[in-house]
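Colleague: how does the following fold in three dimensions:
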Amino acid sequence: MSIKKDKKNLAIKLNSIANITVSSALIPVVTNKGISIGSYMIKPVDGSFSITDRNFELYRTYNKTAAMIIAGMLNKKIRPSDIQKVLDADRIAFTMRNELDTFKYHYNKAIENNDDCKKSIMSARYECANNRYLEAKQSLKESYSKLF
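Modeller: Okay, here's the model as predicted:
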């Protein structure tokens, strides 16, 4: 009987060690509720991602990567100004992605209508929006690589 109790006690101790290690490390763990990074939870909500701490929403992002970056920053207690930079890059990436779709649609319509003026305008706007989109995505990638 003592062997069964020893196994059970050992299992309980290993489980508590695993829980402490996962909660203190920046390892994303997928659960039924969302993605857990340290003591923060990332949950999908209405097409965006909510970063919560004990059921209290701290931030909301458009991109899952940005949410993971912010959760990692919160665990490492990084300055709020750096978190704001990630939020701005996330917002710019989301906005520019939508604008790229719009510009591409109007560019294709200009090709159909043989409207050279509109085609050149949409091409220039598309290129500008694409550059801003790529800069925002690059900023998110750099932040992600520093944390994970």
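Colleague: other SSEs contacting whichever strand or helix holds I92?
Modeller: Using DSSP states H and E, I92 sits within helix 80-112. Judged by 3 or more CB pairs under 8 Å, 6 or more residues apart in numbering; DSSP states H and E, the packing partners of helix 80-112 are strand 56-61, helix 64-75, helix 116-147. Glycine gets a C-beta too; all of them are placed from N, C-alpha and C.
Colleague: out of these, which is closest to L10?
Modeller: Nearest to L10 among the helices and strands packed on helix 80-112 is helix 64-75 (29.1 Å), distances taken as CB to CB.
Colleague: mind listing what's buried along the closest one?
Modeller: 65-75 (16 or more other CB atoms under 10 Å).
Colleague: and what of stretch 100-120?
Modeller: Within stretch 100-120, the residues that count as buried by 16+ other CB under 10 Å are 100, 103, 106-107, 110, 119.
Colleague: of these, which is the nearest to A129?
Modeller: Proximity to A129 was ranked across the buried residues of stretch 100-120 by CB to CB; first place goes to L100, at 5.4 Å.
Colleague: ok, the closest one touching A129?
Modeller: Yes: counting by CB atoms under 8 Å, L100 does reach A129; the two are 5.4 Å apart.
Colleague: poorly predicted segments of this structure, please.
Modeller: Scanning the chain for pLDDT under 70 picks out 1-3, 18-25, 148.
Colleague: before we move on, back to that, now render the helices and strands packed on helix 80-112 as JSON lines, adding distance to L14.
Modeller: JSON lines is the format used below for those (distance: least, CB to CB, whole Å):
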{"stretch": "strand 56-61", "distance to L14": "31"}
{"stretch": "helix 64-75", "distance to L14": "23"}
{"stretch": "helix 116-147", "distance to L14": "27"}
